[in-house]
Structure formats: C-alpha cells, structure tokens
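In: What follows is a predicted protein model with its sequence.
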Amino acid sequence: MNGLPTIRVAENAILPDNDQWHFRFEIKSESSDKMYVVSQNKKGRFWGCSCPGWKAHRHCKHLKAMGLPGDNKPFETKVIGE
C-alpha cells in the first residue's frame with residue numbers, strides 16, 4: 001500500500017464495515033449539524049457519500065474536499081484512524 005494517498009480520520013468517526021461498503025467514516029456537514037457517511041464500495045472500489053449531492057449526481061463536496069473522485073471511479077487510498 002505504499003504510495004497510496006492517505007486519509008486521516010478521527011477514531012470516533014470510524015464505523016464498522018457492512019456488506020457493500022468498507023472504510024466507512026462520518027463527516028460533518030459544513031452547513032448544518034448533519035453527519036454523512038463516506039466509504040468505499042467493496043466490489044466497485046469507488047467512493048461514495050450518504051449526502052444528497054452524491055445520491056443524486058454522484059458528485060459531492062465531501063469527496064472533493066478529501067481528494068476523492070466521484071462518478072463511481074475506482075480509487076485506492078489508505079485510511080488511518082487517529
């Protein structure tokens with residue numbers, strides 16, 4: 001996993017994997033008190049978000065802020081809990 005981009009996430013924001021998604025963690029909305037879940041799809045290896053923007057358009061500011069692509073493009077990264 002050398003050379004992969006790294007995402008650092010607070011330990012208390014990390015969530016357990018489920019059947020479809022892993023590397024799941026919560027991220028707070030900039031404009032409200034809502035929390036969204038960002039994670040990587042196990043099969044397609046793309047990153048997704050539970051926010052309305054990603055659900056409707058497969059783009060969102062949360063993924064962009066972390067340097068992750070939208071559009072269901074596979075992207076590998078290293079997630080580290082801190």
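Out: Noted; the coordinates are in hand. For clarity, every value in this text was computed on a predicted model and none was experimentally measured.
In: shaky segments in the chain?
Out: Applying pLDDT under 70 to the chain picks out residues 1-2.
In: Residue 69 - that's part of a strand, no?
Out: No. Counting by DSSP: H, G, I helix; E, B strand; the rest coil, residue 69 is not found in a strand; it is coil.
In: Secondary structure element holding residue 4?
Out: In the assignment (DSSP states H and E), residue 4 maps to no helix and no strand.
In: which non-adjacent residue is nearest it?
Out: Computed as Cβ to Cβ, 6 or more residues apart in numbering, the closest residue to residue 4 that is not its neighbour in sequence is residue 78, at 4.6 Å. C-betas here are computed from N, CA, C, even on glycine.
In: Could you pull out the strands in the protein for me?
Out: With DSSP state E as the criterion, the chain has strands at 6-9, 21-28, 35-41, 47-49, 78-81.
In: And the ones you listed: which comes nearest residue 69?
Out: Set against residue 69 and scored by Cβ to Cβ, those come closest in strand 47-49, at 7.1 Å.
In: So in that sheet, which strands flank that closest one, and in what orientation?
Out: Take DSSP bridges as the rule and strand 47-49 pairs in its sheet with strand 35-41 (antiparallel).
In: List the buried residues for the partner strand?
Out: 36, 37, 38, 39, 40 (16 or more other Cβ atoms under 10 Å).
In: who's in contact with it?
Out: Strand 35-41 has contacts (Cβ atoms under 8 Å, 6 or more residues apart in numbering) with 15, 20-29, 46-51, 62-63, 66, 68, 72, 75, 77.
In: that older thread, redo the buried residues of strand 35-41 as a markdown table? Include distance to residue 82.
Out: Shown next, in a markdown table, are the buried residues of strand 35-41 (distance: Cβ to Cβ, whole Å):
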| residue | distance to residue 82 |
| --- | --- |
| 36 | 19 |
| 37 | 18 |
| 38 | 16 |
| 39 | 18 |
| 40 | 18 |
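In: which one of these sits closest to residue 8?
Out: Nearest to residue 8 among the buried residues of strand 35-41, with distances taken as Cβ to Cβ, is residue 38, at 12.9 Å.
In: ok, what's across the strand from the closest one?
Out: Here residue 38 sits in beta bridges with residue 25, residue 49, going by DSSP bridges.
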